[in-house]
Each structure stands twice: as structure tokens, then as C-alpha cells.
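Trainee: pasting the sequence and the predicted model now:
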Amino acid sequence: MSLKRRYFRTDMNLLRNAAIAITLSSAVLAGCQTGEVLNQGYVVDQQTLALAPVGSSREQVLLSLGSPSTTATFDNEVFYYISQKRTRPVAFMKPRLVEQNILAVYFDADGNVGRLANYQLKDGIVFDMISRTTPTGGVELTFLGQLLRGGANPNQLIQNAFGSGPR
């Protein structure tokens, strides 16, 4: 009887440990599958947008929509309000851009709203607001790459790098 009781206890401990392991592993897996949604930027709704119609002044746009995410590069005739939605399935993975909206407010010569445009991710390339760089065509060569290519004068490269050429 005691031998039978010992095997029964061992089986119960094994079942209990298995149940705990299954519960913990399912909780961990459920936590990984929920994912994460990251919203960044200024999300413009229709009620707020109605406060700055075509013909309104620059000050009215600033009061109703707030400061823009960025302005045009060469002049202040365009305000851009940018919002992005990114998702990632697990917290340690890199977020993936799934939605991007850009509200462009174009001003005329008098400083009034000339037109409003709403661009989305499908309308063009992705803005990279973090690095503030624009991808360009062609190849960028390093110092060594320019020397190996033979297209650059080594004396000129040294002069550009150090301020004076060889003596």
C-alpha cells in the first residue's frame, strides 16, 4: 500500500508541475502575440480641420492646429502636420510603418490658406523624420573608394582632408 501511495504522489506532483509549466508558457506566449501599436505625430480630425478652412490666416491655422511638425525647406509657405502609425509584434522587434498621414497647408502670397492637401503612405515615399536625410541617386564613395577608383587626385584629396597638400 505504501508503494502504491508513493507512485500516486509522484504522479500527482508530475501532473501539477506539468500544469504549472503549461500555464506559464501559455501566459508568456500570449504576451508575445498581443503586439504593440505606436502612434506618433499629430492626428488631425475633421472638426479641428474645419477650424482652419481655405482662406483663413496663418495665425488662425496656428491657433487651431498648433505648431506644424515641419515647414517647407526654403520658405514658410507650407506647414506639414505628420502622423505615423507603427506596429511591432514583439517589444524587442523593430517597428514597421503601416500608416502615415501628412496634412499640408499651403499659404498664398498674402499669408492665407490657399489649399489643403492630405497625403498618405501610398502617395509617395516614406519621410524619415529621425535622420532628417533625403535619399539621393548615385553612389557615395569613401576616401579609400575614391583612391581605388582612380577618379580623384590623391594630392587633392589629402589637401581637402588636412588643409594642405604634400610638401
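Mentor: Thanks, I have it. Numbering: from 1, shown residues only.
Trainee: hmm, Ala72 is touching Val78, no?
Mentor: Yes: using Cβ atoms under 8 Å, Ala72 is in contact with Val78, at 4.0 Å. (Each C-beta comes from the backbone N, C-alpha and C, glycine too.)
Trainee: more neighbours, these two?
Mentor: Val78 (17 against 14; other Cβ atoms under 10 Å).
Trainee: run through the bridge partners of that one.
Mentor: Bridge pairing for Val78 (DSSP bridges) gives the partners Tyr106.
Trainee: same check, this time on the one 10 residues further on
Mentor: The residues paired with Arg88 through beta bridges, assigned by DSSP bridges, are Glu36.
Trainee: residues near Tyr81, how many?
Mentor: 23.
Trainee: roughly how far apart are the closest residue to it other than its chain neighbours and Gly114?
Mentor: In space, and not counting its chain neighbours, Tyr81 is closest to Leu103: 4.2 Å by Cβ to Cβ, 6 or more residues apart in numbering. Between Leu103 and Gly114 the computed distance is 14 Å (Cβ to Cβ, to the nearest Å).
Trainee: just to revisit the earlier point, for the residue nearest to Tyr81, grab phi and psi.
Mentor: For Leu103, the backbone dihedrals (degrees, to the nearest 10) come out as phi -90, psi 120.
Trainee: so it touches Leu116, yeah?
Mentor: Yes: counting by Cβ under 8 Å, Leu116 is a contact partner of Leu103 at 6.9 Å.
Trainee: and stretch 142-152, what's its mean pLDDT?
Mentor: Averaged over stretch 142-152, pLDDT sits at 68.
Trainee: hmm, I typed the wrong one, I wanted stretch 122-132.
Mentor: pLDDT averaged over stretch 122-132 gives 55.
Trainee: stretch 54-62 now?
Mentor: Here the average pLDDT along stretch 54-62 is 91.
Trainee: can you check stretch 97-104 too?
Mentor: 86.
Trainee: where does Gly55 fall, helix, sheet strand or coil?
Mentor: coil (DSSP: H, G, I helix; E, B strand; the rest coil).
Trainee: now it: closest residue in space that isn't a chain neighbour?
Mentor: Asn112 (5.7 Å).
Trainee: how long is stretch 99-116 from one end to the other?
Mentor: From its first residue to its last, stretch 99-116 covers 20 Å (Cα to Cα, to the nearest Å).
Trainee: and the strands in the protein?
Mentor: 36-41, 70-71, 78-88, 96-107, 113-120 (DSSP state E).
Trainee: next, count neighbours for Arg58.
Mentor: 17.
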